[in-house]
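Asker: Here is my input, please return the structure:
(chains A and B)
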Number of protein chains: 2
Amino acid sequence: MENSKVKEETVLGLTYKKDESFWKWYSEVVTKGEVIEHYEISGLFTLLPWAISIWEIIKSFFDAEIKKMKIKNCYFPLFVSPVNLQKQKDYMEQFESVLAWVTKTGESEVEIPFTIRPSSETVMYPYFSKWIRGHRDLPLRLNQWCNVVRWQSSHPTPLIRSHEYLWQEGHTAFATKEEAEAEVLDISELYRSIYEEYLAVPVTKGRKSEIEKFAGALYTTTIEAFIPNTGNGIQGAAVHCLGNNYAEAFEIYFENTKGKTDKVWQNSWAFSTRAIGVMIMVHGDDKGLVFPPKVAPIQVVVIPVSYKEDADTKLIFEASAATFKNLVEAGIRVEADIREHYSSDWKCSNWELKGVPLRIEIHPEDLSNDQVRVVRRDNGAQTDIPLANMVDHVKDVLADIQKNLFDVAKQKRDDCIEIVDTWDEFVNALNRKKVVLAPWCDEEAVEKDVKARTVENMSSIKSICSPLEQPELTKGVMCFASGKPAKKWTYWGRSL
Amino acid sequence: MENSKVKEETVLGLTYKKDESFWKWYSEVVTKGEVIEHYEISGLFTLLPWAISIWEIIKSFFDAEIKKMKIKNCYFPLFVSPVNLQKQKDYMEQFESVLAWVTKTGESEVEIPFTIRPSSETVMYPYFSKWIRGHRDLPLRLNQWCNVVRWQSSHPTPLIRSHEYLWQEGHTAFATKEEAEAEVLDISELYRSIYEEYLAVPVTKGRKSEIEKFAGALYTTTIEAFIPNTGNGIQGAAVHCLGNNYAEAFEIYFENTKGKTDKVWQNSWAFSTRAIGVMIMVHGDDKGLVFPPKVAPIQVVVIPVSYKEDADTKLIFEASAATFKNLVEAGIRVEADIREHYSSDWKCSNWELKGVPLRIEIHPEDLSNDQVRVVRRDNGAQTDIPLANMVDHVKDVLADIQKNLFDVAKQKRDDCIEIVDTWDEFVNALNRKKVVLAPWCDEEAVEKDVKARTVENMSSIKSICSPLEQPELTKGVMCFASGKPAKKWTYWGRSL
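Answerer: Purely as a prediction, here's the structure:
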């Protein structure tokens, strides 16, 4: 195995630098960091244990929260019949080009080909129509954890845009608009928590423009993250208030408390494994992945630092085992890397590549000093800490790493936001990869005009969202693009 | 809503009796009990929250256990390319007739059509081949929770046989046969726990015959349940020791500790949402579903029994709320049914239909007596118990229901097993819906002969399994079918 050891020693580390070749860096870090594996059918990726562990942690938080809200999990079939797909015209229009069709089962052609769900509105709502009869059947609040398939022609990117991905999709129906809108805010807040409190990624809650909203929705509330390296906004999750539009298409009527027939108010909302990709883009560095402690599959790795000839080796390995045991008992996700055929230098680099937030090294000199050396992944800071209060210290440092990752990311994100008033400022800021916050008249024609005027020099400039928390809009302020009176502040920029 | 109330009152209860028309009873109980909903594409079923809750409980047990064994979760793509499907001939032969083919994405025909996974051996093993190089890469132990699609032409049955279902599939590779075989036993034992300790369904661990084993496996270890009403065995889960057969097909070689090239030893193992169907078939009765407490989504329902005119109504509802609160705090999954527009009789029948293991009724007379009435779903027994030790009592009763359901099911199952020595006894027992335990010569030709000789009168008689715990086989005992010396005891019968 000597050959393969040499190979392993040499392939460590990344070829590309995040600030110099961002996309190559991303592609390299998700494969070398063992987050994903490419698949032989292009546009599909395998999620390796490192990705699934993170997904399970996020899922477990979100699932418990929606259960508290009395939302129930279910599982609808993978397939949609075309007759239902077509019931809501906007939906069909949006998804038609990305549908995967099953036309043959076994040796037989399928009589009426069906598609794989790109999302489940058209799978579920015929049954909402069947189940909901009176106001006592409301609210109906369902969620499912599943895979969806969208065969998009645009360039596939691991975790961010792939033909199949994992997500949750919530689908709910209420008797009143007020209840539906209250849920929109509740779920948006949960999505914010996932990003900011778990993934340490700062996000903006906002509303999509008429052009950018979900097909057939009354409006879309979005959770927007930002990738400073590329100057791209990226949608992190979305809550669609569908109003009565799908209720009309699928005839989801109910008898209200006054005995009259009424349409239900619906929401649908989803977030996906894309969140993991966003987190990697935001926190990763030239050494590899950087995981926030709250979602890190392994929060602490213990590495004995010794040499074969060293008389202390046995004691060092014993101290490592004891440290490991103390941390496990304190509920910390920890691993001790006691593999003997790798050097401790190699191990340190490897766990840095893999994004583990904290490394504990145990050196020969630590034994007599009753201490261990603690090295942070986020900023590289090293501290010798006494064994006596090791566990408390580790907990404190992990909390501090979580906070620091968020603070640093927020600072970087905020530095990329530029407030503009005029078209010239707008173009100038976007040319410097900024995201722009501008007063806007909120007219569809103006957004189309902005797209048209920027398409040559800057691909895909669009409105990102109008933040739910609006800065004050001084009376008389004009739209940056149309010169008409502005109605709201809106973010504009590139979007992934 | 008066009309719909009347409707609800009248549709309660089941039309069919389990002992008289089993299949109609089953079909009715899974729909009226709100476990599944039929789907417009035939052979597909929606799993309602009642089913998914049970699935989540089983999943959470099993997932934690395999994580202790250092098995890691991952997620491979939904699609298989035909070139890999064909690499293992037995596999392709077994699944060819049930594959769902994607031939079109968006508006375009797919260049090389691909299929949806019927299971993931052929999805994963090309990557096992890529990842495994040396003995230090072993063992590789992966699992995924996902959906699979098998478009079987046989009659679809909710949960038991549907075109799509949810399962877990474990795929592992080891350096030695011993390690692989040790895992076979460990996983089989976990599957037994799910059935016997969670679902309260007695099962037999056994080995499949050469004819019945999984395509390309060295051997298949099976977990077999039994449905007394139909006299059918049913496979509850399976662990396939693949030997080196897939390693050869997919070239999964490694350099062993002696520097020589070796083939890995592999297992694959799975259990699915079918388990929920088996449990319903075993425990359900003419009143509806009967759920064992350990998997019941709701373990206890509290029902205030009062009348509109009754002065005690308010006090009864308060007592119900207090009882609910005490049980929640004790960690019991409890619901208080305080809906005012349903009669308490209707509620009692409804929760019996839904299978909730224990009902607590609070009557006017219970208030002054500081007691509640406890009614068991499994045997209908009613007891008045003092409020003072209500929680402890409820816990004891739930534990007793769990045990009783298993004991009763085991007795019924055992009553259906008949030990036979001769062909005449064999035919006679099978005609009485028994499952037969018979001494067998273990020859493939003899099993084929048994099938041929029984096919006219008794459809699908086959070997079910040879139990891992073999009764003593007296020397000189002959095979019931061939008259040759018997090699093992084997179960034979009908199988779902």
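
Asker: Only C-alpha atoms from now on, for both contacts and neighbour counts.
Answerer: Noted.

Asker: pLDDT below threshold where in chain A?
Answerer: A:1-12, A:307-311, A:456-459 (pLDDT under 70).

Asker: Show me what from it comes close to chain B.
Answerer: A:1, A:39-41, A:44-49, A:51-53, A:72-78, A:81, A:96-107, A:134, A:146, A:151, A:164, A:255, A:259 (CA under 8 Å from any CA of the partner chain).

Asker: If any of those are buried, put those into a PyMOL selection.
Answerer: To isolate the buried ones among the residues of chain A next to chain B in PyMOL, judged by 16 or more other CA atoms under 10 Å in any protein chain shown, type:
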select buried, chain A and resi 1+39+44+45+46+47+48+49+51+52+53+72+73+74+75+76+77+78+81+96+97+98+99+100+101+102+103+104+105+106+134+146+151+164+255
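
Asker: Looking at the residues of chain A next to chain B, which are in helices?
Answerer: Within the residues of chain A next to chain B, residues falling in helices by DSSP state H are A:Pro49, A:Ala51, A:Ile52, A:Ser53.

Asker: Format those residues as TSV; extra columns: distance to B:Ile417.
Answerer: Shown next, in TSV, are these (distance: CA to CA, whole Å):
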residue	distance to B:Ile417
A:Pro49	44
A:Ala51	48
A:Ile52	44
A:Ser53	45
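
Asker: Closest to the centroid, which residue in chain A?
Answerer: By CA atoms, centre = their mean, chain A has its centre lying nearest to A:Ala275, at 1.2 Å.

Asker: If you count contacts, what does whatever helix or strand that one lives in end up packed against?
Answerer: Secondary structure assignment for A:Ala275, by DSSP states H and E: helix A:274-283. Contacts defined by 3 or more CA pairs under 8 Å, 6 or more residues apart in numbering or on different chains; DSSP states H and E place helix A:274-283 against helix A:49-68, strand A:219-227, strand A:232-243, helix A:390-415.

Asker: Can you dump the C-alpha atoms of it in CSV for me?
Answerer: The C-alpha atoms that make up helix A:274-283 are tabulated as CSV, following Å, rounded to 0.1, in the frame of the first residue of the first chain:
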residue,chain,number,x,y,z
ARG,A,274,-29.3,23.2,-2.5
ALA,A,275,-28.9,24.8,1.0
ILE,A,276,-25.7,22.6,1.5
GLY,A,277,-24.2,24.0,-1.7
VAL,A,278,-24.9,27.6,-0.7
MET,A,279,-23.2,27.0,2.7
ILE,A,280,-20.2,25.5,1.0
MET,A,281,-19.9,28.5,-1.4
VAL,A,282,-20.2,31.0,1.5
HIS,A,283,-17.8,29.4,4.0
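
Asker: what about dumping the CA coordinates of the next helix-or-strand element following that helix to PDB?
Answerer: As assigned by DSSP H and E, the chain's next helix or strand after helix A:274-283 is strand A:300-304. Output of strand A:300-304 as PDB, limited to C-alpha atoms (Å, rounded to 0.1, in the frame of the first residue of the first chain):
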ATOM      1  CA  VAL A 300     -14.300  17.900  16.600                       C
ATOM      2  CA  VAL A 301     -11.500  15.600  15.500                       C
ATOM      3  CA  VAL A 302      -8.800  14.400  17.900                       C
ATOM      4  CA  ILE A 303      -5.400  13.800  16.400                       C
ATOM      5  CA  PRO A 304      -2.500  12.100  18.300                       C
END
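
Asker: Run the angle between strand A:300-304 and helix A:390-415 for me.
Answerer: For strand A:300-304 against helix A:390-415, the angle by axes from the mean of the first three to the mean of the last three CA atoms, to 10 degrees is 120 degrees.

Asker: what's the burial count for A:Arg339?
Answerer: 12 (other CA atoms under 10 Å in any protein chain shown).

Asker: again with A:Ile417
Answerer: 21.

Asker: Could you list which residues are in contact with A:Thr222?
Answerer: Taking CA atoms under 8 Å, 6 or more residues apart in numbering or on different chains as the criterion, A:Thr222 is in contact with A:Ser188, A:Thr204, A:Lys205, A:Gly206, A:Arg207, A:Lys208, A:Gln235, A:Gly236, A:Ala237, A:Ala238, A:Val239, A:Cys465.

Asker: scratch that, A:Ser268 is what I was asking about
Answerer: A:Glu121, A:Glu169, A:Gly170, A:His171, A:Thr172, A:Val239, A:His240, A:Cys241, A:Leu242.

Asker: quick one: which helix or strand includes A:Asn143?
Answerer: A:Asn143 belongs to strand A:140-149, assigned by DSSP H and E.

Asker: Mind listing the strands that strand pairs with, and their directions?
Answerer: strand A:72-73 (parallel), strand A:164-174 (antiparallel) (DSSP bridges).

Asker: Flag every buried residue along it.
Answerer: A:Leu140, A:Arg141, A:Leu142, A:Asn143, A:Gln144, A:Trp145, A:Cys146, A:Asn147, A:Val148, A:Val149.

Asker: Same check on stretch A:236-249?
Answerer: For stretch A:236-249, by 16+ other CA under 10 Å, it's A:236-247, A:249.

Asker: quick revisit: wait, which of the helices and strands packed on helix A:274-283 is closest to B:Asn431?
Answerer: Distance to B:Asn431, taken as CA to CA, is lowest for helix A:49-68 among the helices and strands packed on helix A:274-283, at 49.2 Å.

Asker: Okay, angle between the closest one and strand A:140-149 too, please.
Answerer: Using the same axes, to 10 degrees: helix A:49-68 against strand A:140-149 is 160 degrees.

Asker: Identify the residues contacting helix A:49-68?
Answerer: Against helix A:49-68 from outside (CA under 8 Å, 6+ apart): A:34-36, A:72, A:190, A:194, A:198, A:273, A:276, A:295-297, B:72-75.

Asker: now with 6 Å?
Answerer: A:Val35, A:Val295, A:Pro297, B:Lys72, B:Asn73, B:Cys74 (CA atoms under 6 Å, 6 or more residues apart in numbering or on different chains).

Asker: Give me the distance between it and the centre of its chain.
Answerer: 12 Å (CA atoms, centre = their mean, to the nearest Å).

Asker: how about stretch A:404-418 as PDB, C-alpha atoms only?
Answerer: The C-alpha trace of stretch A:404-418 is given here as PDB (Å, rounded to 0.1, in the frame of the first residue of the first chain):
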ATOM      1  CA  ASN A 404     -17.900  34.000  13.800                       C
ATOM      2  CA  LEU A 405     -18.700  32.200  10.600                       C
ATOM      3  CA  PHE A 406     -22.000  34.000  10.500                       C
ATOM      4  CA  ASP A 407     -20.500  37.400  11.400                       C
ATOM      5  CA  VAL A 408     -17.800  37.200   8.800                       C
ATOM      6  CA  ALA A 409     -20.200  36.000   6.100                       C
ATOM      7  CA  LYS A 410     -22.600  38.800   7.000                       C
ATOM      8  CA  GLN A 411     -19.900  41.400   6.800                       C
ATOM      9  CA  LYS A 412     -18.800  40.100   3.400                       C
ATOM     10  CA  ARG A 413     -22.400  40.000   2.200                       C
ATOM     11  CA  ASP A 414     -23.200  43.500   3.500                       C
ATOM     12  CA  ASP A 415     -20.000  44.900   1.800                       C
ATOM     13  CA  CYS A 416     -21.500  43.700  -1.500                       C
ATOM     14  CA  ILE A 417     -24.800  45.600  -1.100                       C
ATOM     15  CA  GLU A 418     -24.900  49.000  -2.700                       C
END
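
Asker: centre of the chain versus it, how much separation?
Answerer: Centroid separation between stretch A:404-418 and its chain, computed with CA atoms, centre = their mean, is 17 Å.

Asker: List the buried residues of that stretch.
Answerer: A:Asn404, A:Leu405, A:Phe406, A:Val408, A:Ala409, A:Lys410, A:Lys412, A:Arg413, A:Cys416, A:Ile417, A:Glu418.

Asker: and if you look at stretch A:56-71?
Answerer: A:Ile57, A:Ile58, A:Lys59, A:Phe62, A:Asp63, A:Ile66, A:Ile71.
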